[in-house]
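S.K.: here is a sequence with its predicted model. Questions after.
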Amino acid sequence: NSRAAASLLKDSISFTDVSAAGLFEGHDLLRRGFTSVKNELLPSHPLELTEKNFQLNQDKTNFATLRNIQGIHAPLKLQMEFRAVKQVQRLPFLHSSNLSMDILRGNDECIGFEDILNDPSQSEVMGEPHMMMEHKLGLL
C-alpha cells in the first residue's frame with residue numbers, strides 16, 4: 001500500500017512546478033510588491049482591461065487594415081521589425097525610451113502622458129547595477 005501512496009505522491013508533484021528555491025518559496029516583496037488577491041481576481045474598473053490592452057488592440061486593427069490594403073506581406077514585415085526592436089535592450093538598470101518602437105508605431109511625434117510625467121531619475125527601476133544584472137542573468 002505504501003508503493004501506491006508513493007506513486008500517487010510522485011505523480012501529483014511535477015518537477016517543472018518546483019523552482020530553484022524549492023516548493024515552498026516565499027513571496028519576494030522587494031521585486032513583486034505586496035500581494036492582493038482582489039487585484040488578481042477582478043479588475044478594479046470595467047475599462048481597466050480595455051486600457052491595458054489598448055496598444056495590442058490598436059496593433060491588431062492596424063495589421064488587419066494593412067493586410068486588407070497591401071496583402072499579407074506588409075503586416076508580416078512590420079511584425080518582424082517589432083520583434084527585432086524588442087530584442088535590442090539596454091542594461092536592466094538603465095532607463096530606455098524605446099524610441100525605435102515609437103517610430104515604428106508612429107508615436108514619435110505625439111506627446112503623451114508618459115512623456116511628461118515619466119521622469120527616469122525618479123524611477124523605481126533604478127537600483128544597484130550588479131544585483132540587477134545578476135537577477136536578469138539568473139544568477140540570483
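M.R.: Yep, that arrived.

S.K.: what's the longest helix in the protein?
M.R.: With DSSP state H setting the assignment, residue counts place helix 54-70 as the longest helix in the chain.

S.K.: in that one, what counts as buried?
M.R.: For helix 54-70, a neighbour-count test (16 or more other Cβ atoms under 10 Å) marks L66 as buried. In short, each C-beta sits where N, CA and C put it, glycine included.

S.K.: what is that helix packed up against?
M.R.: If you count contacts as 3 or more Cβ pairs under 8 Å, 6 or more residues apart in numbering; DSSP states H and E, helix 54-70 packs onto helix 73-87.

S.K.: how about a cut-off of 10 Å?
M.R.: When contacts are defined as 3 or more Cβ pairs under 10 Å, 6 or more residues apart in numbering; DSSP states H and E, helix 54-70 packs onto helix 73-87, helix 99-105.

S.K.: count of neighbours near P75?
M.R.: Other residues lying near P75 total 19 when counted by other Cβ atoms under 10 Å.

S.K.: same deal with the one 10 residues further on?
M.R.: Taking other Cβ under 10 Å as the neighbour definition, V85 ends up with a count of 17.
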